[in-house]
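Novice: sequence and computational prediction follow.
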Amino acid sequence: MIASASAIAQTANPSAISKIFNAKGELIGTATFTQTIAGVKVALTVNNLTNGEHMVHLHENGKCDAPDFKTAGGHFDPKSDQDGDHSHMRHKHEDYKHENHKQKPAGDLPNILVKQDGTGSLNAILPALTLGSGNNSLLKKGGTAIVVHAGANGISTIPNVDYKTRIACGIVNRQ
Ligand SMILES: [Cu+2]
C-alpha cells in the first residue's frame, strides 16, 4: 500500500488512497481522497462489478477481512459516535434505508452506478470529514475503510444476494 516508488510529490493538501478488493482478493477499484476547504474530496473508480446501483460508505475500522468484511465495522459517523452509550443509539449500519434517513452518516457516499461493462466512477465531497488529526479524520487511529455493497435502495445487483451484503472493501491509507 505504501507508494514507495511514487513520483507524486508531497502536495500542500493531505491525500489518501484506498485499493479496493473483492471477497476473492481481486483488485476491483481505487479511491483517492484529497483534503479541500469544503471537505474530503473522494474520487472512486471500480471495475468488474455487477451492473446497477451500489451503496458505498466509509466504515469505522481500517480493516477489510474477506469474505464478509464485517471487521470494517459500522458506518463511519464520528459525531454521533462520540459518546458510545446514549439510549437512542443509532441503528446498526444497514438496518435502515439511507434514502429515508434525514441525517445520513458523515461517511456515506452517493450510490455508485456500475455500467454493463462492470465499470463505474463517482466523485463526491464529504463535508464533515477530514484527512487531518481529529477523530473525524479518515486517517484516525484505527483507520477507516471504504465498503461497496451488493446493491442500493433495496435492490440487489446480484441474484440471491441481499443488497446490503458487503462485496468489496479497501483500507484508507495515507499517501
Ligand atoms: Cu456500508
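Specialist: Received it, and whenever you're ready, just let me know what you need. Numbering: from 1, shown residues only.

Novice: burial check on the closest residue to the ion within the chain, number of neighbours?
Specialist: Residue nearest to the ion within the chain: His57 (3.4 Å; Cβ to the ion). For the C-beta atoms, the positions are set from N, CA and C on the backbone; glycine is no exception. Applying other Cβ atoms under 10 Å, we find 26 residues neighbouring His57.

Novice: heads up, I number from 34, so please use that
Specialist: Noted, 34 is the first residue going forward, which turns the last one into His90.

Novice: burial count for the closest residue to it other than its chain neighbours?
Specialist: Ranked by Cβ to Cβ, 6 or more residues apart in numbering and with sequence neighbours excluded, the top spatial neighbour of His90 is Asp141, at 5.0 Å. By the criterion of other Cβ under 10 Å, Asp141 has 19 neighbours.

Novice: beta-bridge partners for Glu86, please?
Specialist: Here Glu86 sits in beta bridges with Leu146, as judged by DSSP bridges.

Novice: contacting residues around it?
Specialist: Residues near Glu86 by Cβ atoms under 8 Å, 6 or more residues apart in numbering: Asn144, Ile145, Leu146, Val147, Gly184, Ala185, Asn186, Ile188, Thr190.

Novice: can you tell me which of the residues you listed are buried?
Specialist: Asn144, Ile145, Val147, Gly184, Ala185, Thr190 (16 or more other Cβ atoms under 10 Å).

Novice: residue contacts, the third one?
Specialist: Val147 is in contact with Val79, Leu82, Thr83, Asn84, Gly85, Glu86, His87, Gly153, Thr190, counting by Cβ under 8 Å, 6+ apart.

Novice: ok, and the closest non-adjacent residue to it?
Specialist: Of all residues not flanking Val147 in the chain, Gly153 sits nearest, at 4.0 Å (Cβ to Cβ, 6+ apart).

Novice: what of Asn80?
Specialist: Going by Cβ to Cβ, 6+ apart, Asn80 has Thr152 as its nearest residue, at 4.8 Å.

Novice: now the strands for the chain?
Specialist: 48-55, 60-69, 72-79, 85-87, 89-92, 145-147, 153-159, 178-182, 184-185, 188-189, 199-204, 206-207 (DSSP state E).

Novice: nearest to Asp98, of those?
Specialist: Asp98 sits nearest to strand 199-204 of all the strands of the chain, at 8.3 Å, using Cβ to Cβ.

Novice: centroid residue for the protein?
Specialist: Ile179 (2.4 Å; Cα atoms, centre = their mean).

Novice: isn't that residue up against Cys202?
Specialist: Yes. Taking contacts as Cβ atoms under 8 Å, Ile179 lies within contact range of Cys202: 7.1 Å.
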